[in-house]
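**Q** generate coordinates for the sequence data below:
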Amino acid sequence: MEMTRGAGSTLSVALLLCFSLGTGEHAAAQSATRVSVASGDVQATAASDDPALSADGRVVAFWSRASNLVAGDTNATADVFVHDLNTRLTTRVSVSSAGVQGNGDSTLPSLSADGRFVTFVSNASNLVSSDTNSAVDVFVHDRTTAQTTRISVSSGGGQTAGAARDTAAISGDGRFVAFWSDAADLVAGDTNGVSDVFLHDRSLAQTTRVSAAAGGVQANDRSYRASLSRDGRYVVFLSTARNLAPGGDGGLTPDVFVLDRSTGQFSRVGVPLESRTGGVIADIGPSAISDDGRVVTFATALTDTVGSVSATDPVTLSVFAHDLLVQQTQVIATRVLREADLAFGRPSISGSGALVAFAAADASCSGPAACPRRIFLYDRLTGGAVRVDIPSAGSPDDGRSSGAVALAGSGDRLAFASDSVVLTATSQDTNQARDVFVTDTNVDTDGDGISDAIERTFGLNPNVADSSADPDGDGRTNLQEVRAGTHPRGFVTRYLAEGATSAFFSTSIALVNPSDTIHAAVLLRFLTGTGAAASRTVQVPPRGRRTVDVKTVPGLSTAEFSTVIESDTLVVVDRTMRWDATGYGSHAETAVTAPATTWYFAEGATHSGFGLFYLVQNPGAEAAAVEVTYLRPPPAAPLVKTYVVAPQSRLNVWVNNEAVIDPVLSGLASTDLSAVVRSLNGQPIIVERAMYLNAGGLTFGAGHESAGVTTPATRWFFAEGATGAYFDLFLLIANPNEQPARVRATYLLPSGETLQKTYLVAARSRFNIWVDMERFPDDSGVARLADTAVSTTLESIDGPPIIVERAMWWPGPTSATWQEAHNSPGATQTGVRWALADGEVGGASQTETYLLVANTSASAGSARVTLLFEDGTQVTRTFDLQANSRFNVDVSAEFPAARGRTFGSLVESVGASPVEIVVERAMYSNARGVRWAAGTNALATR
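**A** Numbering: from 1, shown residues only. Coordinates of the predicted model:
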C-alpha cells in the first residue's frame, strides 16, 4: 500500500524498524509452525502472505497463489485459505456458496473471534450471483454454513460502482464489517468525491458511512484503513479530513480517528509532538485497536524532506500505542533508516491491549540491503520486547518477513509471513517462496514453567520465579493453577449456575470493578453439562466496566453452562440472558458469593402453563448427591427426590417433567412450589431457578430467573415493587420450619407513609401475597396498594427464619395478558454502598434502566449514584431520600449522558450520618413492536 504526503508526492516505505535488544528485551527461543501448507503438511508451490488469527490462535487465515493447498485449485489466481492448528486441515474459503472457486484474485483476510467468519477482498465475479460491477468487493464466508455473501453493498443490497480497498475488519461475533471504498453509491448523499469508511451490519443488512461528522456531515477529505473493536462499537481509521474532530494540522497529513458508535463521538489520536521534532509526517500506516476500544496502535513515517520524497531520503519509522482513557501515547519503537521498496505493514495488538506485535530490523543493520525484517512482540506493561521469528536451533538468520503480523486476541500466538527457510524445527522449507508461520508467544523469562503472557494476565511477576508460590492460599501452587486452568491469584470467586447460548438463547456477563485504584484480572470459567470447559480472561480497570458475550467464547456458540468467576480483587458480576433474535424475553441475576450445601427457593409454579426449572452447578472435583424437597401449599405434604450432579458440571431439573416421569412426584403437577435443595454428601453446589410461561403465542414469552439463598432469615428487604393496571406484584414466602411463622410486612410508599399487615405461614409450606389486592383493617375496604410504587420489609415476628422472594408480572389487567416478568429474592442486610454491573439506555431495543433505592431508616438521607461507562468515563448525581421511603432513579431522565450506552452503577449513601439503604435495578426493553416486551431485575451487590 502506498503512503502519500501532499498532492502529487508519494513515499513507499516499510514499517522496518531497527531495534536494539537491550535490558528486558531478548529473543524468544520458540520454533515456528508453517501453516501455509496443504492438509497433509505438503508445502505450498507459491507465495503466501497476510495472515489473520482467531482470538484463541487456533485458526489462521491467509492468501496464497499456490495451487496445491486444496484439491481442485485450478483457477490460477490468489485464494484465501484457513488452516486449523488443532486438526492440521487446510480449506479454501474464497469460494461461492456452492463451492465454486473464484475467477479472480482473493486476498487480505480477517477473522471473527471464533474463526467462523472470514472476510476477504476479491475481484472475482462468480462468488455471488449478479456480481457485474467489475470491481474489488468485500466478502464474508461462513465456515459453518459454507455460505459466502458480498458485504460491500448498499443497505438495499445494490452493488457498488466503486472498488473496496485494503483489508476489511470484522467484529468478534461476525456481525459488523468495516471497510473503505471509493464508491459513491453505498449510502445516499455521498458526494464528497473521496474514499470513505463504511460499516455493514450483517444482521440488519444495513450499510452506513462512519467517516461522517456529527449530524451526518460528510468528511471533507479521504478516509481509509479501518479497524474494529471486538464488539464493533469502536471504529478506528485514518483520514486527512479536517471536520471530523478538533485538532490536527488542517489535513496536511493523516490522523488516526476513533469513532464510538454508541455515542457518535470522534476521538483524534495525535502523534506526540516530541516524535514530530524536525520532521513532517509522510503518512500513518494501518492501525489496530484492543478488544475494548481503549488502546490504538499505529505506525508513522516521518521525513525531514519538504516536497517530493526520494528513495534515499531518511525516514523515521515509529510504532505508537495510544490509550484513549488516559489520553497518553506510548512510543513502542523508532528508528531512522532508508528503505523505499517495501509496503507499509500493520502492527497488531492483543485483545487486552497489553501486547503489540510489529516488524522491525536488527540493530546491526547499516542500510536497506543489510536490514532483514524481523518480528517483535512488545509488552506495554513492562516495556520489554522479544523477537519471535527465531531460526531453528543451529541455523543462521536468513530471509525477511513481509511485515504482515497478526496477534491472537489472547496474546498467546502470533502469525507472520516470512521468506526465511530456517524457522521450522524440521527445516523442510524448500519451496523458495514466502510462507505463513505461527509461533507461540509464551516466553518464560524467569524459567519457572509459566509463560510471561500468563504471568502478566494474572498479575504475577514474569521476572521472578514464583511457580511454587500460592498467593491466594487455596492449597494449589501458581503452576498447578495455570495447568488446571484456574486463577493463581483468585482471591475473590463468584458463581452463576444458569447460562445458555444457541440460535434461541444468548447470554452476556457484565463486570464492574468498584475499586478506585486496583486493576482487576478476571478469569471466567464456563462449565457445561458434558463436563467440557471453556474460559475467557478479562482485564477490568479501576471503576471500569466490561461485558462478555458468551457466544464469542470459542466452543460456546451453542451450549448450556454455569460460570465460575475468579478475580484478584472484588468485582461485581451480573448475568443477562435473552431469547429469540428479537430479544422478546430476558432475565438477569447477580453472581453468588460461594457454593453451599443448602439452597432455598420461595417461588415456583407448574400450573397455568408455567414451566419450572432448577439449575444445579457443581464446581467441585467430586460428584454431588443433591436432594430436592418440594414444598407445596398446605395441607399437601412435601415431596423429595435425590439427583446426582457430576463434578465440574451442571444439571437441569425440569420440574414439570419430573411430575410425568416419576410417579412418586406426580403431585408436582399443576401446583405452587417452594424448594429446599441440599447436597447430601457435603459437596458444595450453586442452585438457580428459572420459571417460564408461553405467552402471546411465543415460546417462553414471559419468565424470570433467580439464584437461591443459602440461609433463611427473620428480616427481608425489597427496594423494587409496583402495582396498578400494568403491574401485578407478588411476595412469595417459604417456611421450611416445623412450626408456623407469623410474618409482618411493612410497605414503604414514595411519600414516606408506611402500611403494615401480619400473615400466618404454615409449617413446611409456601405462601403468596398478591400485593395489588391487599386490604388493611383501617382502609374501609379501599385497596391502598392497588396502584403505587412500593418497597417492602418482611419480618418473622416469632423467630422462625423464612425465605422471601418478589415477582412482578406485566402487563395487566389479568394474567391472560402477561407477556413478561422479573423476580428477585430480598436482601437480608441493608448497607451504605451498593454496586450493579449491568445497565443500558437506548440501543436497538430502546432499553430503559431504573435504579430502585429503599431507605429503610427513620431518618432522611442522600444517595450518590455514579454510572461507570465502558470507555472509562463516569457521571455522578446525588439524590435526596425521605425517611422510610422508596426512591426511583430513571437513568435516561436523570443521566442524559447514558443514552445509547451501557454502564455499571455505584449507589452510595452519603452525608454526615449515612442512612441504611437497599438497592435494586430493573431494566426493560422493546421487541416486535411491543413496549417492555422483555424485562429483568437484580438485587445490587453490597
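
**Q** export the particular helix or strand that has residue 689 in it to PDB, keeping only CA atoms.
**A** Residue 689 is located in strand 686-695, with elements delineated by DSSP states H and E. The C-alpha trace of strand 686-695 is given here as PDB (Å, rounded to 0.1, in the frame of the first residue of the first chain):
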ATOM      1  CA  ILE A 686     -24.900 -23.500  43.500                       C
ATOM      2  CA  VAL A 687     -28.500 -23.500  42.500                       C
ATOM      3  CA  GLU A 688     -30.700 -21.200  40.500                       C
ATOM      4  CA  ARG A 689     -34.400 -21.400  39.400                       C
ATOM      5  CA  ALA A 690     -35.900 -20.400  36.100                       C
ATOM      6  CA  MET A 691     -39.700 -20.100  35.500                       C
ATOM      7  CA  TYR A 692     -41.200 -19.500  32.100                       C
ATOM      8  CA  LEU A 693     -44.700 -19.000  30.600                       C
ATOM      9  CA  ASN A 694     -45.500 -19.400  27.000                       C
ATOM     10  CA  ALA A 695     -47.400 -16.200  26.400                       C
END
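
**Q** which strands border that strand, and is each parallel or antiparallel?
**A** Sheet pairing of strand 686-695 (DSSP bridges) gives strand 610-618 (antiparallel), strand 698-707 (antiparallel).

**Q** averaging pLDDT over each of those, which comes out lowest?
**A** Of all the strands paired with strand 686-695, the minimum mean pLDDT falls on strand 698-707 (a mean of 92).

**Q** for that strand, which positions count as buried?
**A** By neighbour count on 16 or more other C-beta atoms under 10 Å, the buried set for strand 698-707 is 698, 700, 701, 702, 703, 704, 705, 706, 707. All C-beta atoms are positioned from the backbone trio N, CA, C, and that covers glycine.

**Q** can I get those in CSV with distance to residue 617?
**A** Shown next, in CSV, are the buried residues of strand 698-707 (distance: C-beta to C-beta, whole Å):
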residue, distance to residue 617
698, 28
700, 21
701, 27
702, 25
703, 20
704, 19
705, 14
706, 14
707, 10
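
**Q** of those residues, just say which sits nearest to residue 504.
**A** residue 700 (8.5 Å; C-beta to C-beta).

**Q** wait, doesn't that closest one sit right on residue 690?
**A** No - the criterion here is C-beta atoms under 8 Å, and residue 700 misses it with residue 690 at 9.1 Å.

**Q** can you give me the strands for the stretch 301-450 of the chain?
**A** All strands of the stretch 301-450 of the chain, identified by DSSP state E, counting those that start in this stretch, fall at 315-323, 328-337, 348-349, 355-362, 373-379, 385-387, 401-407, 413-418, 435-440.

**Q** helices or strands next to the fourth one in the packing?
**A** Contacts of strand 355-362 with other secondary structure elements, assessed using 3 or more C-beta pairs under 8 Å, 6 or more residues apart in numbering; DSSP states H and E, are made with strand 17-19, strand 295-303, strand 315-323, strand 328-337, strand 348-349, strand 373-379, strand 401-407, strand 413-418.

**Q** worst mean pLDDT among those strands?
**A** strand 17-19 - the lowest mean pLDDT of the helices and strands packed on strand 355-362, at a mean of 43.

**Q** okay, domains of the protein per the record?
**A** Per automatic domain parsing, the structural domains of the chain span 13-440, 598-825, 833-939.

**Q** pull the distance from the last one to the chain's centre.
**A** Put plainly, it is domain 833-939. 22 Å (C-alpha atoms, centre = their mean, to the nearest Å).

**Q** just name the most buried of the helices and strands packed on strand 355-362.
**A** Mean neighbour count, computed with mean count of other C-beta atoms under 10 Å, is highest for strand 413-418 among those, reaching a mean of 28.

**Q** that one pairs with which strands, and in what direction?
**A** Paired strands of strand 413-418, with direction, are strand 401-407 (antiparallel), strand 435-440 (antiparallel) (DSSP bridges).

**Q** list the contacts for the closest residue to residue 601 other than its chain neighbours?
**A** Once flanking residues are discounted, residue 601 sits nearest to residue 675: 4.6 Å by C-beta to C-beta, 6 or more residues apart in numbering. With contacts defined as C-beta atoms under 8 Å, 6 or more residues apart in numbering, residue 675 is in contact with 600, 601, 604, 614, 628, 629, 630, 631, 689, 734.

**Q** quick one: which of those is nearest residue 874?
**A** Once C-beta to C-beta is applied, the member of those that ends up nearest residue 874 is residue 689, at 34.4 Å.

**Q** test my guess that the closest one contacts residue 614.
**A** Yes - applying C-beta under 8 Å, one finds residue 689 in contact with residue 614, separated by 5.4 Å.

**Q** okay, and the common contacts of these two?
**A** With C-beta under 8 Å, 6+ apart, residue 689 and residue 614 have common neighbours 601, 675.

**Q** more neighbours, those two?
**A** Ranked by neighbour count (other C-beta atoms under 10 Å), residue 689 and residue 614 place residue 689 first, with 29 against 26.

**Q** how far away is that one from residue 863?
**A** 31 Å (C-beta to C-beta, to the nearest Å).

**Q** also residue 550?
**A** Separation of residue 550 from residue 863 (C-beta to C-beta): 33 Å.

**Q** likewise for residue 869?
**A** 20 Å.

**Q** could you do residue 893 as well?
**A** Residue 893 is 16 Å from residue 863, where distance means C-beta to C-beta.

**Q** which of the two has more residues huddled nearby?
**A** Between residue 893 and residue 863, counted using other C-beta under 10 Å, residue 863 has the larger neighbour count: 25 against 12.

**Q** rebuild the strands paired with strand 686-695 as JSON lines, extending it with distance to residue 450.
**A** Shown next, in JSON lines, are the strands paired with strand 686-695 (distance: least, C-beta to C-beta, whole Å):
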{"stretch": "strand 610-618", "distance to residue 450": "28"}
{"stretch": "strand 698-707", "distance to residue 450": "34"}
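
**Q** I'd say residue 424 and residue 37 touch.
**A** No - in this structure, residue 424 is not within contact of residue 37 by C-beta under 8 Å, at 10.2 Å.

**Q** between those two, point out the one with more neighbours.
**A** residue 37 (24 against 19).

**Q** what sits against that one?
**A** 43, 44, 69, 83, 90.

**Q** switch the cut-off to 6 Å
**A** Shown in contact with residue 37 (C-beta atoms under 6 Å, 6 or more residues apart in numbering): residue 43.

**Q** that one pairs with what?
**A** In this entry, residue 37 is beta-bridged to residue 43, by DSSP bridges.

**Q** can you pull out the helices in the stretch 751-900 of the chain?
**A** Ranges of helices in the stretch 751-900 of the chain, per DSSP state H, counting those that start in this stretch, are 891-894.
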